[in-house]
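Visitor: Any chance you can model this:
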Amino acid sequence: MVWDVEDGSLDPDYASFEGACEEIKEAMEGWGTDESTMTEVLGSKTAEERFMLSKQYAEMYDTSLYDAIDDETGGKYGRAMKILSLSPVEAEARMVHNSMKGYGVSEEHLIPLLVGRSNPDLMLLKRSYFEMYDRDLVMDLTDELDGEFETLIVMCVQGIEDNYDPEETHTEDRVMEDCDAFYEAGQGSWGTDEGPFFKILVQSPAEHLQAVNAAYVEKYGYNMKKAGEKELGGHAEEAVLFLLGIKLGDEEETLAAGIKLTCKGFGSADATGMMNYVIRLSCYPELLRGVLEKHEELYEKTVEYRIEDEFSGDLQALLLLVVASALPSNEEEEE
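Guide: Numbering: from 1, shown residues only. Modelled structure (predicted):
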């Protein structure tokens, strides 16, 4: 939708959100902020509707919805509401920036934001990051990260994945070449040769990497995920396993596992991690539904149960509403 609006092929009816903008404005006026109304109005909208609402709010009140919310709310709930007030691309740029500010980098938050993304996704994200912060994302990552994790993340963000071409590039010979090169860079060498090891994973389109993985299993006796576990550790290992999960066709399982990791129990839930997952996945309703089903299948708990168990108050209500907004209505289910 962002692309279509920019190139002029789509002209959304922003004015249809005047009423919603007025409701939010009224909820922030007076002697106290009406968080319940704000939650209901913004949290119940789809990603496309939130995008149009934010554009209309700025047009009507000569200030961004983000800044208006920033003046009226705070804490974890305020952070979630501010992210919801942005376009999907701006929201992701903000999430990335938030992961690198303060005292130390939140590597676990960067992984699902930057690993396994398409080249067009990354192009939009890097451009939006520069427009918002007047900084180059790759340079900031290079400054903030180090070691194997830096090597992998920077390679991912550069957007070097090939277009799949089984006729000329991703042939059976190339499959075997990459299979052997991956082994030589890992198990076949004294220490991991990060450059070629990571490059094969990042540069290969999903179809090719799946073929390489099948060849690897046949020739070396275990899959590429196991190789990643043997060769790496820490956040670099987590990022490689996430990347392989996405590219080898286990996207729903990988994302469901990521959501589970944000809920550690005993009051130590990762609120930012859960916000990021829920808000980003709300942009892809079909994928979100699949992730919700996979999470319940794997862990015998719904994501909604985890939100209710780990969070409270306005943040809990907001996250539950965002999840519900992506689910089919009763009318859709009947159809």
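Visitor: going forward, measure contacts and count neighbours with C-alpha atoms only.
Guide: Noted.
Visitor: residue contacts, residue 158?
Guide: Applying Cα atoms under 8 Å, 6 or more residues apart in numbering to residue 158 gives the contacts 122, 138.
Visitor: how about it, phi and psi?
Guide: Taking degrees, to the nearest 10, you get phi -70, psi -20 for the backbone angles of residue 158.
Visitor: Please report how far it lies from residue 304.
Guide: 35 Å (Cα to Cα, to the nearest Å).
Visitor: Contact partners for residue 149?
Guide: 235, 236, 239.
Visitor: ok, now residue 252?
Guide: 287, 290, 291, 294.
Visitor: Count residues in the vicinity of the second one, would you?
Guide: The reference is to residue 290. 15 (other Cα atoms under 10 Å).
Visitor: and if you look at the third one?
Guide: Using other Cα under 10 Å, residue 291 has 22 neighbouring residues.
Visitor: from memory residue 285 sits against residue 324, does it?
Guide: No: here residue 285 lies out of contact with residue 324, judged by Cα atoms under 8 Å, at a distance of 10.0 Å.
Visitor: Please enumerate the strands of this protein.
Guide: For the chain, strands defined by DSSP state E do not occur.
Visitor: any weak-confidence spans in this structure?
Guide: Where the chain drops to pLDDT under 70, the residues are 103, 188-192, 265-267, 329-335.
Visitor: How is it partitioned into domains?
Guide: Domain assignment for the chain by automatic domain parsing gives 1-86, 250-326.
Visitor: I'd like the contacts of residue 149 laid out as CSV, including distance to residue 166 and neighbour count.
Guide: Below are the contacts of residue 149 laid out as CSV (distance: Cα to Cα, whole Å; neighbours: other Cα atoms under 10 Å):
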residue, distance to residue 166, neighbour count
235, 32, 15
236, 30, 22
239, 27, 25
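Visitor: Let's see which of these end up in helices.
Guide: Of these, the ones assigned to helices by DSSP state H are 235, 236, 239.
Visitor: Pull up the distance across stretch 185-195, start to finish.
Guide: Note: stretch 185-195 ends 8 Å apart using Cα to Cα.
Visitor: picking that back up, now, among the contacts of residue 149, which is nearest to residue 164?
Guide: Relative to residue 164, the closest of the contacts of residue 149 is residue 239; by Cα to Cα it sits at 22.5 Å.
Visitor: circling back: how about the contacts of residue 149 in a markdown table, adding distance to residue 208?
Guide: A markdown table is the format used below for the contacts of residue 149 (distance: Cα to Cα, whole Å):
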| residue | distance to residue 208 |
| --- | --- |
| 235 | 25 |
| 236 | 22 |
| 239 | 19 |
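Visitor: now, which of the residues you listed sits nearest residue 39?
Guide: residue 239 (33.1 Å).
Visitor: Could you double-check that residue 125 lies in contact with residue 91?
Guide: No: judged on Cα under 8 Å, residue 125 makes no contact with residue 91 at a distance of 9.4 Å.
Visitor: and for the two, which residues touch both?
Guide: Between them, residue 125 and residue 91 share no contacting residue, judged by Cα under 8 Å, 6+ apart.
Visitor: Show the contacting residues for residue 89.
Guide: Counting by Cα under 8 Å, 6+ apart, residue 89 has contacts 124, 125, 128.
Visitor: for those residues, which one is nearest residue 256?
Guide: residue 125 (23.3 Å).
Visitor: residues contacting the closest one?
Guide: Residue 125 makes contacts with 89, 90, 92, 93, as judged by Cα under 8 Å, 6+ apart.
Visitor: let's see 7 Å
Guide: 89, 93 (Cα atoms under 7 Å, 6 or more residues apart in numbering).
Visitor: Closest to the centroid, which residue in the protein?
Guide: residue 113 (4.0 Å; Cα atoms, centre = their mean).
Visitor: Please report how far that one lies from residue 183.
Guide: 28 Å.
Visitor: now swap in residue 85 and tell me
Guide: Distance from residue 85 to residue 183, by Cα to Cα: 46 Å.
Visitor: and these two? which has more neighbours close in?
Guide: residue 85 (26 against 18).
Visitor: Skipping adjacent residues, who's closest to residue 320 in space?
Guide: Spatial nearest neighbour of residue 320, excluding adjacent residues (Cα to Cα, 6 or more residues apart in numbering): residue 304 at 6.4 Å.
Visitor: Surely that neighbour and residue 319 touch.
Guide: No: with contacts counted by Cα atoms under 7 Å, residue 304 stays clear of residue 319, the gap being 8.6 Å.
Visitor: These two: which has the busier surroundings?
Guide: residue 319 (25 against 17).
Visitor: Let me see the contact set for residue 242.
Guide: residue 254.
Visitor: please redo it, this time with the cut-off set to 8 Å
Guide: Going by Cα under 8 Å, 6+ apart, residue 242 touches 111, 112, 115, 116, 254.
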